[in-house]
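Enquirer: dropping the sequence and predicted coords here.
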Amino acid sequence: MSDAHRQLWLLRHGATEWAKNGRHTGNTDLPLLPEGEREARALAPILSGRVFAAVLCSPLQRARRTCELSGLAETMQICEEIREWNYGDYEGVTTEDIHRTVPNWTVWTHGCPNGESVEEVQSRCERAIETAMNIAGQGDVALFAHGHILRAVTGTWLGLGVSSGQMFKLGTATVSVLGWERKIQAISHWNAPTSDRF
């Protein structure tokens with residue numbers, strides 16, 4: 001039986017080259033920069049001593065390496081549902097470049113040609129949340145993943161839909177916690193740098 005009051009800890013991977021220069025990074029399997037590895041190590045003091053019912057991780061190496069450096073590699077389970085948004089034709093392209101041909105484009109409203117639609121990502125987020133909430137035992141669940149998919153999970157958790165993810169800015173190697181206000185799903189912490197105390 002799952003924990004009815006379970007929280008989801010959202011942990012975005014550390015910095016990569018494309019994350020720093022604004023290029024959309026979906027399935028391109030980039031490594032962390034040295035800076036990103038330092039950011040990931042800084043998660044360890046926050047996560048040490050916490051017992052999670054499960055640690056779910058995107059299969060992409062930037063998320064896996066962040067999980068490893070944070071100290072949770074031993075309990076890591078790969079979860080395809082929290083792989084980053086498939087950007088299709090916009091993989092490796094900046095929003096500024098996309099706006100030259102589609103001025104009003106956002107991933108949150110248009111999706112990506114030859115990639116994923118908003119509706120497809122919504123379905124993935126629903127499955128990811130269901131998986132996390134149905135894990136047996138007591139305790140919270142950690143999700144190591146990526147900027148857009150974690151923002152999409154947040155919009156889904158709040159019942160606002162994936163498109164509301166555009167309102168939640170999320171930095172690399174930050175900690176966010178989706179929790180409860182009484183019986184209502186809410187945000188407990190958001191976009192907290194590793195210097196914050198939990």
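Expert: Everything's here; your move. Small disclaimer: the values here were computed from a predicted structure and weren't measured.

Enquirer: which stretch of helix or strand covers residue 10?
Expert: strand 8-12 (DSSP states H and E).

Enquirer: what secondary structure does the most centrally placed residue in the chain sit in?
Expert: For the chain, the residue nearest the mean C-alpha position is residue 150 (2.9 Å; Cα atoms, centre = their mean). State at residue 150, reduced to three classes by DSSP: H, G, I helix; E, B strand; the rest coil: helix.

Enquirer: pLDDT weak spots in the chain?
Expert: 1-2, 4, 196-198 (pLDDT under 70).

Enquirer: can you show me the strands along it?
Expert: 8-12, 54-57, 76-78, 141-145, 175-181, 184-192 (DSSP state E).

Enquirer: neighbours around the nearest residue to residue 3 once chain neighbours are set aside, how many?
Expert: Residue nearest to residue 3 in three dimensions, not counting chain neighbours: residue 138, with 4.8 Å by Cβ to Cβ, 6 or more residues apart in numbering. For every residue, glycine as well, the C-beta is placed using N, CA and C. Neighbourhood size, residue 138 [other Cβ atoms under 10 Å]: 12.

Enquirer: go on, residue 8?
Expert: Using other Cβ under 10 Å: residue 8 sits among 23 other residues.

Enquirer: what's the closest non-adjacent residue to it?
Expert: The nearest residue in space to residue 8 (Cβ to Cβ, 6+ apart) is residue 178, at 4.3 Å.

Enquirer: next one: residue 159
Expert: The nearest residue in space to residue 159 (Cβ to Cβ, 6+ apart) is residue 185, at 6.9 Å.

Enquirer: and what of residue 109?
Expert: residue 163 (6.2 Å).

Enquirer: next up, the contacts around that neighbour.
Expert: Going by Cβ atoms under 8 Å, 6 or more residues apart in numbering, residue 163 touches 108-109, 118, 155.

Enquirer: how many neighbours does the residue nearest to residue 164 when sequence neighbours are not counted have?
Expert: Counting by Cβ to Cβ, 6+ apart, residue 164 lies nearest to residue 155, which is 3.8 Å off, once chain neighbours are set aside. The number of residues packed around residue 155, counting by other Cβ under 10 Å, is 21.

Enquirer: residue ranges of the helices in the protein, please?
Expert: 17-21, 34-41, 44-47, 61-70, 95-98, 107-110, 118-133, 147-157 (DSSP state H).

Enquirer: to residue 5, which of the ones you listed lies closest?
Expert: helix 118-133 (10.5 Å; Cβ to Cβ).

Enquirer: just how off-centre is the closest one within its chain?
Expert: 12 Å (Cα atoms, centre = their mean, to the nearest Å).

Enquirer: next, count neighbours for the nearest residue to residue 16 once chain neighbours are set aside.
Expert: Nearest non-adjacent residue to residue 16, counting by Cβ to Cβ, 6+ apart: residue 30, 4.5 Å away. Neighbours of residue 30 under the rule other Cβ under 10 Å: 17.

Enquirer: so who does residue 30 touch?
Expert: Taking Cβ under 8 Å, 6+ apart, one finds 16-18, 61-62 in contact with residue 30.

Enquirer: where's the residue nearest to residue 18 when sequence neighbours are not counted relative to residue 60, distance?
Expert: Sequence neighbours aside, residue 25 is the residue nearest to residue 18 in space, at 4.3 Å (criterion: Cβ to Cβ, 6+ apart). To residue 60, residue 25 is 9 Å away according to Cβ to Cβ, to the nearest Å.
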